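[1] Need coordinates for the following:
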Amino acid sequence: MTLTNKTAIVTGATGNGMGRSIALTLAREGANVVINYRQNKEQAEKIVEYINNIQKANAISFKADIFSDRECKELVDFAVKHYGSVDILVVNPGANWNMESIDCLNVENSLTDVNNEISPIYHFFPKVLPIMYKQKWGRIIGISMTLNPPSPSYSYNVAKQTRTNAMLAASQEAWKNNVTINVISPGPVKHIDQFDKATEFVNNSDEWINRENITPQDIAEAVGFLCSKKADYITGTEINLNFKS
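    Modelled structure (predicted):
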C-alpha cells in the first residue's frame, strides 16, 4: 500500500463511473477515504461498507453539494475532524450534457456549465491548500475531458477546458509547497453498472487486464499513480486517456 495515513476526499463518488472506482482504488492503496455524495446515500454507505469490511481500509461518507461554498467547507471540516487532515482531493462532478449548437446556444445553460466546472475549484482551493501547505504535501486532481476529439457539445467542451485551465494555472504556486495539481482528461467512458464488477476491476481482475477499451478503472489507476511517490515530481500536467473508436 502506498497511501497509508493519507486522507482523500473523493467528490461525486457514488455513481457507476469514475468517482466510485477512484474511491475504491485509493482505499486499496491504504488511504482514508471520504466518500462525498449529493443524493445517493445508499450507494455511499455500500461503498463505505466495502472499504471498511472487505478492503480493511477506512472510509466515511458525507453529503455535500460541491457547487456550494458552504457545503465544501463542511466537507473539508468533516474530513479534518475525523482523520486530522486532507492530503488528497479529487474533483469529479461538473457540467451537464447540453447539446445546443453555437447558433442555438442556450446562454443560461452554457454559463451554468462553466460555473459547475470551475466553482468547485474556487470553493476548495482556499480550504484545502492551507492544510496541504502546512504539511508540505498534497495532491489535487481534477477530472476533465480530452478535446481530441472534442465532444459534440460545445458548451460542455468549453466548460471542461475552463476547469483544466483553472487547475493547471494554479500548479506552479502550489508546487512551492510540495503540492501537486494535475488533471486527468478521458474520452468517453462507459459506466460499470454492477458493483461487484467494479470491485473486481479495482482488484485488477483478468477481465480488466484484458479489456479492449477504456474503463473507469483506468482513470482510477491514473489517480492512484499521481498520488503515489512515483509521481512526486509530476505537476501541472494533463493526462489524456482515450477510447478506441
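
[2] all contacts plus neighbour counts: C-alpha atoms, from now on.
    Fine.

[3] Need the residue closest to the centroid of this structure.
    Nearest residue to the geometric centre of the chain (Cα atoms, centre = their mean): Val90, 3.4 Å.

[4] residue contacts, that one?
    Ala8, Ile9, Val10, Thr11, Ile140, Ile141, Gly142, Ile143 (Cα atoms under 8 Å, 6 or more residues apart in numbering).

[5] Going by contacts, tell me the helices and strands next to the helix ranked longest in the chain.
    Taking DSSP state H as the criterion, the chain has its longest helix at helix 107-135. Under the contact criterion of 3 or more Cα pairs under 8 Å, 6 or more residues apart in numbering; DSSP states H and E, helix 107-135 touches helix 69-83, helix 154-175.

[6] which strands and helices sit next to the shortest one?
    What that stands for is helix 69-83. Looks like helix 69-83 contacts strand 7-10, strand 32-37, strand 58-63, helix 107-135 (3+ Cα pairs under 8 Å, 6+ apart).

[7] Apply 7 Å and report the result again.
    Helix 69-83 sits against helix 107-135, with contacts defined as 3 or more Cα pairs under 7 Å, 6 or more residues apart in numbering; DSSP states H and E.

[8] still on that earlier bit, which of the helices and strands packed on helix 107-135 is buried the deepest?
    A comparison of the helices and strands packed on helix 107-135 by mean neighbour count, using mean count of other Cα atoms under 10 Å, puts helix 154-175 on top with a mean of 20.

[9] I'd like the next helix or strand past that helix.
    strand 179-186 (DSSP states H and E).
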